[in-house]
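> Pasting the sequence and the predicted coordinates here, then a few questions.
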Amino acid sequence: MGGGTEAAPVCVSSVVFSELRFLPREVRNSFYLVKPHNTEIIQPRPTGPVWNFPERAESEAIRLARLTVHNYLTVWQMFCEDASPFVDGRLTNREWLYHYVRDRHATAAFSSKNGGADYLVYTEATKRQPEPAGVGHIYGLNRLHHSAAPPPPHIGLYLAAPARGRGLGGRVALALEAIVRRVHPAATSIMVNIHRENTASLRLFEKLGYKESSKALGAKPLTGLIKRM
C-alpha cells in the first residue's frame with residue numbers, strides 16, 4: 001500500500017477556504033477539500049503516495065504503461081479522428097488531454113478520496129516496439145471513513161479503432177482489475193460505466209462477471225455495472 005502518512009485534517013471556515021484561490025498554485029495543490037457532514041475541511045496532502053500504482057503491467061498480449069505528459073500525445077493521436085460515438089470526445093482535445101494528464105498524474109496517487117491512475121495500452125507485450133492500442137483508467141479508490149460504504153473503485157477503457165474486435169477489451173479490463181486488487185486489496189467490488197447503446201461493451205463486461213445494479217452510479221446515458229472482487 002502507500003508509503004506516506006497523512007497529516008491531521010485542518011478545519012477552516014468557508015471564507016478561509018475561498019481565500020485559497022489567491023495562493024500560488026503549488027501551495028493550493030498541497031491541500032484538498034473534504035466535506036463530511038457539511039463541515040468544510042482542508043486536508044494536507046500526504047508526503048508520499050497513498051496508492052502505489054505500478055508504472056508498468058503486462059498481461060497476455062498486452063502491456064500497460066502509466067500515462068504521463070511525456071506520452072499523452074500517443075492517446076491524442078489514436079483518437080483525434082475517431083468517429084465512434086462511444087469514445088470520450090475529450091480525448092480528441094489535445095489541450096484538455098495535456099492538462100488532464102498533468103493534473104491526474106501529479107495528484108491522483110496522493111488522493112485518499114479519489115485515487116486513480118491512467119494507462120496507455122499496447123498490444124504484443126513481447127515486441128520491442130509494441131503497437132499503441134488504447135487507454136485504460138482506474139479511479140474512485142477511496143480510503144476515507146464513511147458512515148456508509150464508499151462507492152466501489154471504477155475502471156474504464158477505450159480502444160483505438162484498429163484494436164477493436166480483436167478480443168483485447170477483456171484482457172485490458174482484467175489487467176486493470178488486477179492493478180486495483182494489488183493497490184487496494186480492501187476493495188470488495190469494482191464498477192464500470194458503459195454507454196447503454198454500446199451493446200458490444202455491455203456484453204463483454206457481462207461475460208467478465210459484471211452485473212447491472214441499483215447501487216451503481218451510472219447516469220444517463222450510462223449504465224453502471226458492478227462485479228464482486
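Done, it's in. Numbering: from 1, shown residues only.
> Quick check: next helix or strand after the longest strand along the chain?
Counting residues, the longest strand found in the chain (DSSP state E) is strand 131-141. Counting by DSSP states H and E, the element after strand 131-141 in chain order, helix or strand, is strand 154-159.
> and that next one, which residues are buried?
Residues of strand 154-159 classed as buried: 154-159 (neighbour count, 16 or more other CB atoms under 10 Å). Where you see a C-beta, it was placed from the backbone N, CA and C, and this is true even at glycine.
> what does it contact?
Identification of contacts with strand 154-159 by CB atoms under 8 Å, 6 or more residues apart in numbering yields 79, 87-88, 91, 121, 133-140, 168-169, 172-173, 176-177, 180, 190-193.
> From those, keep the buried residues only.
Buried among the contacts of strand 154-159 by 16+ other CB under 10 Å: 79, 87, 91, 121, 133-140, 168-169, 172-173, 176-177, 180, 190-193.
> and stretch 132-147, what's its mean pLDDT?
Here stretch 132-147 scores 84 as its mean pLDDT.
> Let me see the ranges of the strands in this structure.
Under DSSP E, the chain gives strands at 10-11, 31-34, 41-44, 56-59, 62-66, 115-123, 131-141, 154-159, 189-195, 211-212, 222-228.
> partners of the fourth one, with directions?
Looking at strand 56-59 with DSSP bridges, its paired strands and their directions are strand 62-66 (antiparallel).
> Kindly format the C-alpha coordinates of the strand it pairs with as CSV.
Presented in CSV, the C-alpha positions along strand 62-66 are these (Å, rounded to 0.1, in the frame of the first residue of the first chain):
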residue,chain,number,x,y,z
ILE,A,62,-0.9,-6.5,-23.9
ARG,A,63,1.3,-4.1,-22.0
LEU,A,64,0.2,-1.2,-19.8
ALA,A,65,2.3,1.9,-19.1
ARG,A,66,1.4,4.9,-16.9
